[in-house]
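[1] A structural model of the following input is requested.
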Amino acid sequence: MKFERYDLDCGASFFAFPMPHMQSVATGIRVNAGTRDEDWTKTGAGIPREAGLAHACEHMLFQGNARFGNSKETTAYLEDVGGVANAFTSKEITFYYNVLPSRHALRAPVYLYHLLSEPLLRPEDIRKEMQNILEEIKMYYDNPETYAEIVFEEIAYGDHPLAKCALGTSEAVSAFSREDFLRYRSRFYHTGNFTFIAVGNFDPGKMAAQFNSLFGAQKQGTKNVRARESSITHKKIVDVAGRDIQQLHVFLGAPIGPAEDRSTLALEVFTNMLSGGMSFPLFQEVRDKRGLCYAVEAGLSACTDRSLFHVYLGTDPARSREAVSAVEEVVVKSMDDQALFFRAKELMIGRMALQFESPAKILYSAAESTAPEDVPQSPEEKIAEIESVEFEEVKAAAERYLLPSNFIRTFVGPKDFTV
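    Next comes the predicted model:
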């Protein structure tokens, strides 16, 4: 089974993954624009012009449109039949999606059309919703783990556009006007920059026809094509922030290759070698054997130009050196562990099979990993790709990018903590 591609009248592609045995359908529109596409040049007041505008635009689209006049009406259209809706903004995309019972599948294109194409963007709604985003910014910055991750990404990506935080800055968000949203939408919110995806129990022909009838007359516009920027200049490689807290929150890791690079796939396997679960080395060595933490995990975020590997650790400030050293020892030792490599591959294949029992999870995966012109991978194709990875590829990629001497480090801990 593979994704079916339909070329719509509006110039966008529609990717359909029918699963007739399911009782639901998950549908979404991917906008090929995210935080990295914002203009962060300073205004006369010294405020980054569009810092956080992609994320703020996502919020505003739920505040009412030509058919559904306010946020209650917008969501009730789906919730009244048991459906759910949401969206997210990342560094490179914005994705609007919903999940519905199959018998209401054709509500999905209607909902998405009015959401993306006819927002009211009333000034009073902008003022209110920007206040909500300011509270969201406070929430993330008050949480030492999420704050440490934000700072880690900023210093790891250095002067690269991927260093921009999706939340933007409080000053910029407070200053957004209707004209800012209209300008941003005119650049990115058109069918030439959209990808339509649906997964689950639905009729692909009827869904494609519904998208055509709704979006067919829209002006296509120009697809957002970014110049590749692979170089990164680091202003610093270690950051320490003091807070009124007791635990030390550590992120360490390094930029790696582009999402499409074979080495990035190899390092995805390596990430699972380190942190596939409680029986894998990071948890076993750092937590269970040495008692250095409650939480420790490795992660990898893949982006077009450069991706990012990290390990997160929450530990006692007095034992920080021991804890960081333990993590580094696990990373280096795991590079030579071929048996661990085979365990990680089997784990990934098994979890892939579980993931593809859910239309919503297939939808998210397709949105996050697919360039607008590329057909999303089917479960079988993803599994085949994982199976094709060789141990020597993983070892070579880890030795190239993930030696501890290459690591960027962020520490968020008590005010008196020093490295």
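[2] give me the nearest residue to the residue nearest the centre of the chain, chain neighbours excluded.
    Nearest residue to the geometric centre of the chain (CA atoms, centre = their mean): Ser90, 4.7 Å. What sits nearest to Ser90 in space, not counting adjacent residues and going by CB to CB, 6 or more residues apart in numbering, is Gly34, at 5.1 Å. For the C-beta atoms, the positions are set from N, CA and C on the backbone; glycine is no exception.
[3] and for Gly299?
    His310 (5.5 Å).
[4] for that neighbour, what are phi and psi?
    The phi and psi torsions at His310 (degrees, to the nearest 10) take the values phi -150, psi 160.
[5] do Ala295 as well
    Given degrees, to the nearest 10, the pair of backbone angles that Ala295 has is phi -120, psi 130.
[6] so it versus Thr94, what's the distance?
    29 Å (CB to CB, to the nearest Å).
[7] who has more neighbours out of these two?
    Using other CB atoms under 10 Å, the more surrounded residue of Ala295 and Thr94 is Thr94, with 26 against 14.
[8] wait, that one sits on Ala56?
    No: taking contacts as CB atoms under 8 Å, Thr94 lies outside contact range of Ala56: 10.8 Å.
[9] for this protein, what's the longest helix?
    helix 123-142 (DSSP state H).
[10] can you tell me which helices and strands that one packs against?
    When contacts are defined as 3 or more CB pairs under 8 Å, 6 or more residues apart in numbering; DSSP states H and E, helix 123-142 packs onto helix 53-60, helix 144-157, helix 170-175, helix 178-188.
[11] can I get that helix as PDB, trimmed to CA atoms?
    The C-alpha trace of helix 123-142 is given here as PDB (Å, rounded to 0.1, in the frame of the first residue of the first chain):
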ATOM      1  CA  PRO A 123      -8.100  43.700  15.400                       C
ATOM      2  CA  GLU A 124      -9.900  42.900  18.700                       C
ATOM      3  CA  ASP A 125      -9.200  39.200  18.200                       C
ATOM      4  CA  ILE A 126      -5.600  39.900  17.400                       C
ATOM      5  CA  ARG A 127      -5.200  41.900  20.700                       C
ATOM      6  CA  LYS A 128      -6.800  39.100  22.700                       C
ATOM      7  CA  GLU A 129      -5.000  36.200  21.000                       C
ATOM      8  CA  MET A 130      -1.600  37.900  21.200                       C
ATOM      9  CA  GLN A 131      -2.100  38.100  25.000                       C
ATOM     10  CA  ASN A 132      -2.700  34.300  25.000                       C
ATOM     11  CA  ILE A 133       0.500  33.800  23.100                       C
ATOM     12  CA  LEU A 134       2.400  36.000  25.600                       C
ATOM     13  CA  GLU A 135       1.100  33.600  28.300                       C
ATOM     14  CA  GLU A 136       2.300  30.700  26.200                       C
ATOM     15  CA  ILE A 137       5.800  32.200  26.000                       C
ATOM     16  CA  LYS A 138       5.800  32.700  29.800                       C
ATOM     17  CA  MET A 139       4.800  29.000  30.200                       C
ATOM     18  CA  TYR A 140       7.600  27.700  28.100                       C
ATOM     19  CA  TYR A 141      10.200  30.100  29.600                       C
ATOM     20  CA  ASP A 142       9.100  29.300  33.200                       C
END
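[12] ok, back up a step: need the helices and strands packed on helix 123-142 in TSV (columns: distance to Ser102, mean neighbour count and mean pLDDT).
    Formatted as TSV, the helices and strands packed on helix 123-142 follow (distance: least, CB to CB, whole Å; neighbours: other CB atoms under 10 Å; pLDDT from 0 to 100):
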stretch	distance to Ser102	mean neighbour count	mean pLDDT
helix 53-60	27	24	98
helix 144-157	36	20	97
helix 170-175	39	18	98
helix 178-188	31	16	97
